[in-house]
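Engineer: Pasting a predicted model and its sequence here:
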Amino acid sequence: MNKPFSQACENNKGPILAVLERVFADSRSILEVGSGTGQHAVYFARHLSHLNWQPTDVAGNLSGIKTWLDDANLDNIQTPMTLDVNRLPWGVTGVDGIFSANTLHIMGENEVVNFFRGVQDVLATNDSLCVYGPFNYRGKFTSESNARFQDWLKAQNPKSAIRDFEWINELAGKAGLELKNDHAMPANNRLLEWQKIAC
């Protein structure tokens, strides 16, 4: 099987790593929700060797992810596992951080809500969640390219959409998460960083 490839992953992996190096400096095990091609999983596991990295995705993407993992042959990355955000609870234990890139705008609204419900169940106090992707602010696109991207998303799936930051942060708050940073990223993307707070 040919390895799946995303140019966007190649373009954004360096800037994302610069943030994850700090956020996950004291973490030990990271759950990646929606690993896609597997490129991020391999790159971050290689450069964050203190972490145990657990890739996940819907079942149909796991074989592609595994091709990247097999080539990389890293000791600190686990066999990719199936994770459907709607199947709650996720049944994931032993992780102290979660990362997800370019997923919330693919999901429908109900899936986004369930994503944060799943996160709430998995993370303990002081654990971190990092989410990368495009977001709107105050209901407005941050660039014309994001507006065009929204049109493309809707053509693929009417339930997909660039999400409003304010709504996402509200869901995070209900899940016991406090926003720590909103990092500007290349190509009109953001990396949102939350920390689980004590109930």
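Structural biologist: On my side now, so go ahead.
Engineer: shaky segments in this structure?
Structural biologist: Residues of the chain meeting the criterion pLDDT under 70: 1, 199.
Engineer: Strands of this protein, residue ranges please.
Structural biologist: Ranges of strands within the chain are 29-32, 52-57, 81-82, 97-101, 128-133, 135-136, 163-164, 177-185, 189-196, based on DSSP state E.
Engineer: Take those strands and lay them out in JSON lines including distance to R46.
Structural biologist: Every C-beta, even on glycine, is put in place using the N, C-alpha and C of the backbone. Formatted as JSON lines, the strands of the chain follow (distance: least, CB to CB, whole Å):
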{"stretch": "strand 29-32", "distance to R46": "13"}
{"stretch": "strand 52-57", "distance to R46": "9"}
{"stretch": "strand 81-82", "distance to R46": "20"}
{"stretch": "strand 97-101", "distance to R46": "15"}
{"stretch": "strand 128-133", "distance to R46": "18"}
{"stretch": "strand 135-136", "distance to R46": "28"}
{"stretch": "strand 163-164", "distance to R46": "30"}
{"stretch": "strand 177-185", "distance to R46": "20"}
{"stretch": "strand 189-196", "distance to R46": "19"}
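Engineer: In JSON lines: those, plus distance to S6 and mean neighbour count.
Structural biologist: Listed next are the strands of the chain as JSON lines, based on distance: least, CB to CB, whole Å; neighbours: other CB atoms under 10 Å:
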{"stretch": "strand 29-32", "distance to S6": "14", "mean neighbour count": "25"}
{"stretch": "strand 52-57", "distance to S6": "13", "mean neighbour count": "24"}
{"stretch": "strand 81-82", "distance to S6": "20", "mean neighbour count": "14"}
{"stretch": "strand 97-101", "distance to S6": "10", "mean neighbour count": "25"}
{"stretch": "strand 128-133", "distance to S6": "13", "mean neighbour count": "23"}
{"stretch": "strand 135-136", "distance to S6": "19", "mean neighbour count": "22"}
{"stretch": "strand 163-164", "distance to S6": "20", "mean neighbour count": "17"}
{"stretch": "strand 177-185", "distance to S6": "15", "mean neighbour count": "15"}
{"stretch": "strand 189-196", "distance to S6": "14", "mean neighbour count": "21"}
